[in-house]
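[1] Provide a 3D model corresponding to the input given below.
(2 chains)
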Amino acid sequence: DTGVSQNPRHKITKRGQNVTFRCDPISEHNRLYWYRQTLGQGPEFLTYFQNEAQLEKSRLLSDRFSAERPKGSFSTLEIQRTEQGDSAMYLCASSLAGTGGSFTDTQYFGPGTRLTVL
Amino acid sequence: DAKTTQPTSMDCAEGRAANLPCNHSTISGNEYVYWYRQIHSQGPQYIIHGLKNNETNEMASLIITEDRKSSTLILPHATLRDTAVYYCIVVGEKLTFGTGTRLTIIP
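    Model prediction:
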């Protein structure tokens, strides 16, 4: 399968613990996005990378959240000192952007990581 | 980004065409209309997108009005596997999801 993959698919943690999620994009895609989705809502943009550069961060991304894409391939999203309000589905997407591209480049999503904070 | 308005829910009989409307009256000239769907507990799946012209692919057709203020996604022969939440998104700077239309295909 050559789609976007995310690991783990499910994570249960206790409040205050740190968690890290991984996303592997479609291999030739240079853009990678993170979204968060809570129950009954559509996905909300968190941040995105073009190659290894993090180009934009939503104000939803508090200082407890950090994302990296060190070699321009896979990405990790870490949440420190988790809170119950962090419980959500975390989605990753990737796209192939041209030199002048914006968010109009078609994004392909992974299956998501469902986080439950007890 | 332009906001979109979609019905909260719709039903469609299996085998019939499902027509999902979307209003985007504040769309700008360079903003695309994208459709995604999300089946329960899965990531969103890209369906189709367009700028001005009608588009068709193996999944669906997208009809955009001439003034671009509204569009319709057509699933020509709906099956039970098409039951999902369908998101209409106008994309300029960001992919901003609303709450979508919950489409239920009735056997």
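[2] Ramachandran angles for the closest residue to B:Q6 other than its chain neighbours?
    Distances taken as Cβ to Cβ, 6 or more residues apart in numbering or on different chains put B:T101 closest to B:Q6, at 4.5 Å, once the chain neighbours are dropped. Bear in mind the C-beta positions are built from the backbone N, C-alpha and C, glycine included. Dihedral angles phi and psi of B:T101 (degrees, to the nearest 10) take the values phi -110, psi 130.
[3] To what extent is B:T101 buried, counted in neighbours?
    Neighbour count for B:T101, taken as other Cβ atoms under 10 Å in any protein chain shown: 21.
[4] Ok, B:S9 next?
    B:S9 has 11 nearby residues by other Cβ under 10 Å.
[5] Now residue 10. Nearest residue, chain neighbours left out?
    No chain in the question, so chain A it is. With sequence-adjacent residues excluded and distances taken as Cβ to Cβ, 6+ apart, A:H10 is closest to A:R114, at 5.0 Å.
[6] I was thinking of chain B, sorry if that wasn't clear
    B:L103 (5.2 Å).
[7] what do you get for B:Y36?
    Closest to B:Y36 by Cβ to Cβ, 6+ apart is B:P44, at 4.3 Å.
[8] Name all residues that make contact with the one you found.
    The neighbours of B:P44, taking Cβ atoms under 8 Å, 6 or more residues apart in numbering or on different chains as the test, are A:P43, A:L91, A:A93, A:F109, B:Y36, B:R37, B:Q38, B:Y87, B:F97.
[9] so can I have TSV of those showing secondary structure and distance to B:T72?
    Putting those into TSV (DSSP: H, G, I helix; E, B strand; the rest coil; distance: Cβ to Cβ, whole Å) gives the following:
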residue	secondary structure	distance to B:T72
A:P43	coil	23
A:L91	strand	26
A:A93	strand	25
A:F109	strand	23
B:Y36	strand	16
B:R37	strand	15
B:Q38	strand	19
B:Y87	strand	14
B:F97	coil	19
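[10] can you redo these as CSV with distance to B:G29 and neighbour count?
    Compiled in CSV, the contacts of B:P44 are given as follows (distance: Cβ to Cβ, whole Å; neighbours: other Cβ atoms under 10 Å in any protein chain shown):
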residue, distance to B:G29, neighbour count
A:P43, 26, 26
A:L91, 30, 27
A:A93, 26, 27
A:F109, 27, 22
B:Y36, 22, 26
B:R37, 26, 23
B:Q38, 29, 23
B:Y87, 22, 26
B:F97, 22, 22
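[11] between the residues you listed, which is closest to B:S71?
    B:Y87 (12.4 Å; Cβ to Cβ).
[12] Need the contact partners of the host helix or strand of A:Q54.
    Following DSSP states H and E, one finds A:Q54 within strand A:53-57. The contact list for strand A:53-57 (Cβ under 8 Å, 6+ apart) reads A:L46, A:T47, A:Y48, A:F49, A:A67, A:E68, A:R69.
[13] now stretch B:17-30
    B:2-7, B:10, B:12, B:33, B:35, B:68-78, B:82, B:86, B:88, B:90, B:92, B:101, B:103, B:105.
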